[in-house]
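> Sequence and computational prediction follow.
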Amino acid sequence: MMRALAIILSCGLLAGCLGLDPYRQAPVAQRLQQIDALGDCARLFQASDRLVDAAGTRDAQAPRVPGFPYLRVDRLLAEVAAQSHFTAPQAQAWNAALAALDSAARRIELGNSGHDAAASIDALTACRQLLALADQHELPALLEAARVPDDYSTGMRALGLYPLTRYAFAAGIRNWQRDTQAAFAAQAAADPFAAARRRYIAGESLEAVPTLQELPDLGLPVRTRQTLASLIVRHAPQLDIATASDADRPGALLWQRDSDERLRIGVALDQPVLYVRTSHAHFSGRWLLQLIYTAWFAARPPAHAYDVLAGRLDGLLWRVTLAEDGNPLVYDTIHPCGCYHLFIPTEGSRARPQPESIDESLFSPQTLHTPATHERVVLKL
């Protein structure tokens, strides 16, 4: 069965964990004590964040910068800052990119919170400009603070006996890699799920086109929206899914209220959607464009009674790293849980030899020829 799959810009629907309070550090900590326009603006951002946290709609993609909570940073912008000695124009462009991340995230967070966000967005935009102007001489502090913390918890690792359980986990990873290698080697054999497969093909139109972080002075590639839209459609994978239940049908993410009137994330099965966002990879001394496609499913049913991986929500990420000419250099795929990561290089790249280690290393079960312009990658799930 052929199904059309809409492509839309990934909008950061998932809420993230609360981190350290970004209002405890300077300069915003001092702004909160001021009885003037700057103090009012700092308190407006703080009130906005408290509303979002109370609603549980915090966006997890880019954390707020401690001391500068009207700005946000992702790993790309943190890496750009770490490798650069900014000129004034470069610092201004980088700062504007941090502000754009915060603006986009707050629009999503406040919209998902159920409150009328229009007036708040306008006021926050004006205050962001005012605070940025007042803090323009704080660049060294901003560069130091604009980092993306990891999500590892030392306490949870201790409770989970990580130094001991990592050996069993590593053995499970090796078994999965061995089974996956065998599955790829046997893919030419008869498909036992052929009768149950549904093919989803991305349409030619986009609901929204992502906006790239365009910092040409810092080495990031520049693409027009038209070129970017063309690349997104060209490299969108087709999904060939063995469909045994509704858990095998991709859908659109949406907020739902449970019986206790709490917001929780669900999947609209009547709206097959392939989300896409952009990123960059620092590869052999240059920045390359990446397209990240995500399909979401309502659940992962248990394969057996003790299946700890089962539960609500499942998904698949398919990332395409493009060479300068727009052709794929390497593919990689992972589940949103951060597991089952594998790389599929094309002829333009190769996997480096991996040292022996108990920790999970680069796993590449296949090399794929570079698809022609009219060819599409098909993912069998």
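Nice, I can see it. Quick caveat: nothing in here was measured; it's all calculated off a predicted structure.
> Return the distance of stretch 160-174 from the chain's centre.
Relative to the chain's own centre, stretch 160-174 is displaced by 26 Å; criterion: C-alpha atoms, centre = their mean, to the nearest Å.
> buried sites along that stretch?
166, 173 (16 or more other C-beta atoms under 10 Å). Where you see a C-beta, it was placed from the backbone N, CA and C, and this is true even at glycine.
> And the strands in the stretch 1-150 of the chain, which stretches?
All strands of the stretch 1-150 of the chain, identified by DSSP state E, counting those that start in this stretch, fall at 2-9, 64-65, 68-72.
> Please pull out the lowest mean pLDDT helix or strand from the chain.
Taking mean pLDDT, DSSP states H and E as the measure, the chain has strand 2-9 as its least confident helix or strand, at a mean of 72.
> partner strands of that strand, parallel or antiparallel?
Partner strands and pairing direction for strand 2-9 (DSSP bridges) are strand 197-206 (parallel), strand 273-283 (parallel).
> residues in contact with the shortest one?
Okay, so that is strand 197-206. 1-9, 191, 229, 232-233, 236-243, 249-250, 272, 274, 376, 378, 380 (C-beta atoms under 8 Å, 6 or more residues apart in numbering).
> Pull stretch 143-162 out as CSV, backbone CA atoms only.
Presented in CSV, the C-alpha positions along stretch 143-162 are these (Å, rounded to 0.1, in the frame of the first residue of the first chain):
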residue,chain,number,x,y,z
LEU,A,143,31.3,32.7,25.3
GLU,A,144,32.2,31.0,28.5
ALA,A,145,28.5,30.3,29.4
ALA,A,146,27.3,29.3,25.9
ARG,A,147,27.9,25.5,26.2
VAL,A,148,25.6,22.6,25.9
PRO,A,149,25.8,20.3,29.0
ASP,A,150,25.4,16.6,28.7
ASP,A,151,22.4,14.8,30.1
TYR,A,152,24.3,12.2,32.0
SER,A,153,23.4,11.8,35.7
THR,A,154,26.2,10.6,38.0
GLY,A,155,23.6,9.7,40.6
MET,A,156,21.5,7.6,38.3
ARG,A,157,24.7,5.9,37.0
ALA,A,158,25.6,5.1,40.6
LEU,A,159,22.1,3.7,41.4
GLY,A,160,22.3,1.7,38.2
LEU,A,161,25.7,0.2,39.1
TYR,A,162,27.0,1.4,35.8
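> ok, and the closest non-adjacent residue to Val73?
Ala146 (4.4 Å; C-beta to C-beta, 6 or more residues apart in numbering).
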